[in-house]
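In: have a look at this prediction, sequence included:
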Amino acid sequence: MTKTYDYVVIGGGSAGSALANRLSTDPKNKVLLIEAGRSDWKIDPIIHMPAALSMGIGNRLYDWKYESEPEPHMNGRRVYHARGKVLGGSSSINGMIFQRGNPMDFDRWTAIEGCEDWDWNHCLPYFKRMETCLAGPDEWRGGEGPLKLERGPATSPLFQAFFTAVQEAGHPLTTDVNGYRQEGFNAFDRNVYRGRRHSAARAYLHPVLRDRKNLHLITRAHVTQLIMKKNRVTGVEYHKNKRRYRVEASEVISCGGAFNSPQLLQLSGIGPSSVLLQAGISPVVDLPGVGENLQDHLEVYVQYACKEPVSMAPYLKNWRKPGVGLKWLFRKGPGATNHFEAGGFLRSNDGILWPNLMFHFLPVAVRYDGTTITQGHGYQFHIGPMFSNSTGWVRIESNDPFAKPKIQFNYLSTPEDRKEWVEAIATARNIMKQPAFEKFNGGEISPGPEISEEKDVLDWVRRDSETALHPCGTARMGEDAMGVVSPKTMRVHGVEGLRVVDASVMPTLTNGNIYAPVMMLAEKAADLILGNTPLEPSRAGQYRHGVSEKDW
């Protein structure tokens, strides 16, 4: 017997967790959430211990392990992409850094036809609704939302040197990079609460799953296609335990993310006809924007050896890990933090109106996968430009729903992108050489002092950079020819009964990690889907470089 729901939400990641919660608030709405990965068991330290983040990335039990096609502007490298293979999605394996982006990022969205109500003033109330900022609510920050955010303590000697060094280099501090003024440096908000990762699933799903009889969850269930009757979606087909199932729905909402949402649409005959025909799919709705406009951030590690024994390096040793884990059971010690406790945002030159560089400072020299190039103490910046105008695509190769799509980012393909990389490395090095770091500075170990000329810097970036794991844009909002989703309803153009709500609908990348914007987007989309009266636009002031508040 085929089951029927009001809403079927595909993907239990950041957007799907929030959306399933909000749609099921009304007990009359019967909601099914389908997640391809497994549950995020409460006792799993790889997920819930903040410092264990490197253990999930690259692990087939937690990570879908995507990889790009050979990147033409990066010497043909394939760039590895981690995506969460567990309830909570990538919010269950990411670095737990919470950044909203700059207000002008969202104002830029309004240049896309139909996106007039996605400016900062309309988005800020939804950012506030979703969060409990434990540093204190105010005009810009929320205090009653499901997602609890702790601010990094950032009290170690290296963090204190960092805060002094940025000022010595002529850069400001700010009270809150998610508040009135993003530009500057301060401790970072993190989705960490009482020493545990506070993922989207932990914030939105687990508190309500037991009591809401109208909210149903299925894990380890891989959605293989949308059930179509002409141009209407009437349900989904999924596979679980090698068996095929079908469910019917009044509305299907894809929350699979920047890779999986366009993949599912294309598998179901929705997308560019040329791509579909080449993959052996009969086109149902020709939507040229599906899978196009892929955007992402790259980052590198600017690393220094540390002359003083004050970094976190000793805790990376295998013999120390049991002790770290034991302390974490009591929510204490180095296991209870993600260590990305501070950083900031800067403009790389005076011709830019809002910050285009993001810095994460880390009191240890280590890569995301946990590897190091020095056995001693160290510290580092994660640094990368935020305004890359390089774009790529996601395309299926066949009608096999279990085959990964082809992914091409075209990193470093534009002059502007390359220019900002040179400025980014120079800015980071200038901060690191300030007097505040003098007693710690044991010399640059990555990229190394021999990498100094512009050409050499770009060659190093091509060899050594990694994705910051912020893919978006592949089913973007807009009423223009390349728009896929209506900004007013989140419905897919030309298709009835289908919406998309995830990072794929973002028109352009925001300045920072995209977890927070995706959650905001899901909150706002829930009101659009349910027909609720939207939250009133905010009138809170916001810092804009070179512009007086009375002039905007």
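Out: Received, thanks.
In: CA only for contacts and neighbour counts going forward, please
Out: Noted.
In: let me see the contact set for F127.
Out: Listed by CA atoms under 8 Å, 6 or more residues apart in numbering, the contact set of F127 reads R100, R141, G142, A516, P517, M519, M520.
In: how about it, phi and psi?
Out: Dihedral pair for F127: phi -60, psi -40, per degrees, to the nearest 10.
In: and the one 5 residues further on, by the same measure?
Out: Note on T132: backbone dihedrals following degrees, to the nearest 10 are phi -120, psi 100.
In: and it, how many residues sit next to it?
Out: By the measure other CA atoms under 10 Å, the count of residues near T132 is 19.
In: and the gap between A540 and E150?
Out: When distance is defined by CA to CA, to the nearest Å, A540 is 23 Å away from E150.
In: tell me which of these two has more neighbours.
Out: E150 (23 against 12).
In: am I right that the more buried one sits in a helix?
Out: No: read with DSSP: H, G, I helix; E, B strand; the rest coil, E150 is strand and lies in no helix.
In: that one reaches G195, doesn't it?
Out: No: using CA atoms under 8 Å as the test, E150 is too far from G195 to be in contact (9.4 Å).
In: between these two, what contacts are shared?
Out: With CA under 8 Å, 6+ apart, E150 and G195 have no common neighbours.
In: CA atoms only: put the longest strand belonging to the chain into CSV for me.
Out: Ranked by residue count, the top strand of the chain under DSSP state E comes out as strand 243-254. Taking Å, rounded to 0.1, in the frame of the first residue of the first chain, the C-alpha atoms of strand 243-254 are listed here in CSV:
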residue,chain,number,x,y,z
ARG,A,243,14.1,-2.8,-1.8
ARG,A,244,12.2,-0.2,-3.7
TYR,A,245,9.5,1.9,-2.2
ARG,A,246,7.2,4.6,-3.4
VAL,A,247,5.4,7.3,-1.4
GLU,A,248,2.9,9.9,-2.6
ALA,A,249,2.8,13.5,-1.6
SER,A,250,1.0,16.7,-2.2
GLU,A,251,4.3,18.5,-2.2
VAL,A,252,7.9,17.2,-2.6
ILE,A,253,10.7,19.4,-1.4
SER,A,254,14.3,18.6,-2.4
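In: can you tell me what sits against it?
Out: Contacts of strand 243-254 (CA under 8 Å, 6+ apart): 2-11, 233-239, 261, 497-502.
In: list the buried residues for that strand?
Out: Residues Y245, R246, V247, E248, A249, E251, V252, I253, S254 are the ones in strand 243-254 that count as buried (16 or more other CA atoms under 10 Å).
In: cool, stretch 444-454 as well?
Out: E444, I445, S446, P447, E454.
In: gap between that stretch and the chain center?
Out: On the basis of CA atoms, centre = their mean, to the nearest Å, stretch 444-454 sits 29 Å off its chain's mean C-alpha point.
In: from here on, count from 155
Out: Happy to do that; since the first residue is 155 now, the last one works out to stretch 598-608.
In: and the closest residue to V649 other than its chain neighbours, what does it touch?
Out: Setting aside the residues directly before and after it, V649 is nearest to N385 in space (CA to CA, 6 or more residues apart in numbering), at 5.2 Å. Residues near N385 by CA under 8 Å, 6+ apart: V438, V439, G648, V649, E650.
In: show me the contacts for the second one.
Out: Read that as V439. N385, G423, I424, G425, G648, V649.
In: make sure the third one is actually in contact with L431.
Out: So the one you mean is I424. No: counting by CA under 8 Å, I424 does not reach L431; the two are 11.1 Å apart.
In: returning to what we had before: select from the buried residues of stretch 598-608 every entry located in strands.
Out: The members of the buried residues of stretch 598-608 that map onto strands under DSSP E are E598, I599, S600.
In: so which of those is the closest to K558?
Out: Nearest to K558 among those is S600, at 33.2 Å by CA to CA.
In: the stretch 205-354 of the chain: strands as residue ranges?
Out: 220-221, 234-235, 285-287, 301-305, 338-341, 343-344, 346-347, 350-351 (DSSP state E, counting those that start in this stretch).
In: and for the longest one, what are the contacting residues?
Out: Applying CA under 8 Å, 6+ apart, the set of residues contacting strand 301-305 from outside is 252, 284-289, 341-347, 352, 354, 357-358, 495.
In: and the lengthiest helix in the chain, how far out from the chain's middle?
Out: Longest helix in the chain, counting residues (DSSP state H): helix 569-586. Offset of helix 569-586 from its chain centre (CA atoms, centre = their mean): 22 Å.
In: same question for stretch 169-183.
Out: Distance, centroid of stretch 169-183 to centroid of chain: 21 Å (CA atoms, centre = their mean).
In: dump it to CSV, restricted to CA.
Out: Output of stretch 169-183 as CSV, limited to C-alpha atoms (Å, rounded to 0.1, in the frame of the first residue of the first chain):
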residue,chain,number,x,y,z
ALA,A,169,17.9,22.8,5.3
GLY,A,170,15.9,19.6,5.5
SER,A,171,16.1,19.4,9.3
ALA,A,172,14.9,22.9,9.8
LEU,A,173,12.2,22.6,7.2
ALA,A,174,10.8,19.3,8.5
ASN,A,175,10.6,20.9,11.9
ARG,A,176,8.7,24.0,10.8
LEU,A,177,6.4,22.2,8.3
SER,A,178,5.3,19.7,11.0
THR,A,179,4.6,22.4,13.6
ASP,A,180,0.9,22.2,12.5
PRO,A,181,-0.3,18.7,13.5
LYS,A,182,-2.5,18.7,10.4
ASN,A,183,0.5,18.5,8.2
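In: ok, and what's touching it?
Out: With CA under 8 Å, 6+ apart, stretch 169-183 has contacts from 159-161, 163-164, 184-187, 242, 354-355, 358-359, 362, 366-369, 409-410, 655-656, 672-673, 675-677, 679-680, 684.
In: okay, and which of these map to strands?
Out: Y159, D160, Y161, V163, I164, V185, L186, L187, L369.
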